[in-house]
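**Q** Build me a model from this:
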Amino acid sequence: MTIHQAIEILEHYNKWRKGADVEQPSPVFIGFAIDLVTCKMKDFISNSEKPQIIDLESPFAYPDDKI
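**A** As a prediction, the model looks like this:
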């Protein structure tokens, strides 16, 4: 699985989780995607000088307004 495939799986899962009329993704693939994205994020954070912070109060924190 590539990082791009993992992101697509997690985006699809999030749409399903929010109630969109899409097929439930495989829990196995969701687990693989979470593991891969988590690993990549840990690498990114350890190689980054400045920590990345997401403001959950920002209107841009949840860009998927179609769900």
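**Q** And the residue nearest the centre of the protein?
**A** residue 10 (4.7 Å; CA atoms, centre = their mean).
**Q** Could you report the distance from it to residue 57?
**A** 23 Å (CB to CB, to the nearest Å). Backbone N, C-alpha and C define where each C-beta goes, glycine included.
**Q** Please name the nearest non-neighbouring residue to the residue nearest to the centre of the chain.
**A** residue 33 (5.1 Å; CB to CB, 6 or more residues apart in numbering).
**Q** Go ahead and confirm the one you found touches residue 11.
**A** No: using CB atoms under 8 Å as the test, residue 33 is too far from residue 11 to be in contact (9.6 Å).
**Q** packing partners for the helix or strand bottoming out on mean pLDDT in the chain?
**A** Lowest by mean pLDDT, DSSP states H and E among the helices and strands of the chain is helix 27-47, with a mean of 93. Helices and strands touching helix 27-47, by 3 or more CB pairs under 8 Å, 6 or more residues apart in numbering; DSSP states H and E, are helix 3-17.
**Q** Mind giving me the packing neighbours of the helix it packs on?
**A** Counting by 3+ CB pairs under 8 Å, 6+ apart, the elements that helix 3-17 packs against turn out to be helix 27-47.
**Q** How far off centre is the helix it packs on?
**A** 9 Å (CA atoms, centre = their mean, to the nearest Å).
**Q** residues in contact with that helix?
**A** 1, 3, 5, 6, 7, 9, 10, 13, 51, 52 (CB atoms under 8 Å, 6 or more residues apart in numbering).
**Q** Now render those as a markdown table, adding pLDDT and distance to residue 41.
**A** As requested, the contacts of helix 27-47 are exported to a markdown table (pLDDT from 0 to 100; distance: CB to CB, whole Å):
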| residue | pLDDT | distance to residue 41 |
| --- | --- | --- |
| 1 | 92 | 15 |
| 3 | 95 | 10 |
| 5 | 96 | 16 |
| 6 | 96 | 11 |
| 7 | 96 | 11 |
| 9 | 97 | 15 |
| 10 | 97 | 12 |
| 13 | 97 | 17 |
| 51 | 61 | 12 |
| 52 | 63 | 9 |
